[in-house]
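Asker: only geometry, no sequence info:
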């Protein structure tokens, strides 16, 4: 069987991955000032880890299968919290230092721009694949 939309599964899986990445970035930005989480510690920045998944390896694809992108997991950043002097903060220690999440808003915004552009590029691939498939089908109608 010939697929009219080659590569669309890979683009759709990449769209899902980038959506997850954008959600994690948004969570990082929202918690940039969270000094105490459920565990009593400052929020730790998170990032998405991607992996390539070849359907042929699972035995469900043809020999010319296109690899897909999958989210392998969401990992916490190992950077220590940033210590800020603020003796009036409720989470300040005896010396007036507060452990703040080590989140750089500029870094998060740059990551968000990259994820948005990757999402847009994969969406363009899906749209172009659809357009080419419709043109291919219209050839048979003539």
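Answerer: Yep, it's here. Computed from a predicted structure; not experimentally measured.
Asker: And residue 74, how far from residue 137?
Answerer: 40 Å (Cβ to Cβ, to the nearest Å). (Each C-beta comes from the backbone N, C-alpha and C, glycine too.)
Asker: meant to ask about residue 28
Answerer: On the measure of Cβ to Cβ, residue 28 and residue 137 end up 44 Å apart.
Asker: now residue 122
Answerer: Residue 122 is 23 Å from residue 137, by Cβ to Cβ.
Asker: show me the biggest helix of the protein in terms of residues.
Answerer: Identified as the longest helix of the chain according to DSSP state H is helix 105-141.
Asker: the helices in the protein, which residues?
Answerer: Under DSSP H, the chain gives helices at 8-30, 105-141.
Asker: winner for burial among those helices?
Answerer: Of all those, helix 8-30 carries the top mean neighbour count, a mean of 18, counting by mean count of other Cβ atoms under 10 Å.
Asker: so it versus helix 105-141, what angle?
Answerer: Between the axes of helix 8-30 and helix 105-141, defined by axes from the mean of the first three to the mean of the last three Cα atoms, to 10 degrees, the angle is 160 degrees.
Asker: what does helix 8-30 rub up against?
Answerer: 45-48, 50, 53, 55, 66-71, 74, 103, 105, 108-109, 111-112, 115-116, 118-119, 122-123, 125-126, 129-130 (Cβ atoms under 8 Å, 6 or more residues apart in numbering).
Asker: Please apply the same query to stretch 114-125.
Answerer: Applying Cβ under 8 Å, 6+ apart, the set of residues contacting stretch 114-125 is 7, 8, 11, 12, 14, 15, 18, 19, 21, 22, 25.
Asker: next one: stretch 68-82 to chain centre, how far?
Answerer: Centroid displacement of stretch 68-82 relative to its chain, using Cα atoms, centre = their mean, to the nearest Å, is 10 Å.
Asker: Residue nearest the middle of this protein, spatially speaking?
Answerer: In the chain, the C-alpha nearest the mean C-alpha coordinate belongs to residue 21, at 1.5 Å (Cα atoms, centre = their mean).
Asker: tell me the pLDDT at it?
Answerer: Per-residue pLDDT puts residue 21 at 96.
Asker: Next: residue 130.
Answerer: Confidence score, pLDDT, at residue 130: 82.
Asker: Sounds good, over and out.
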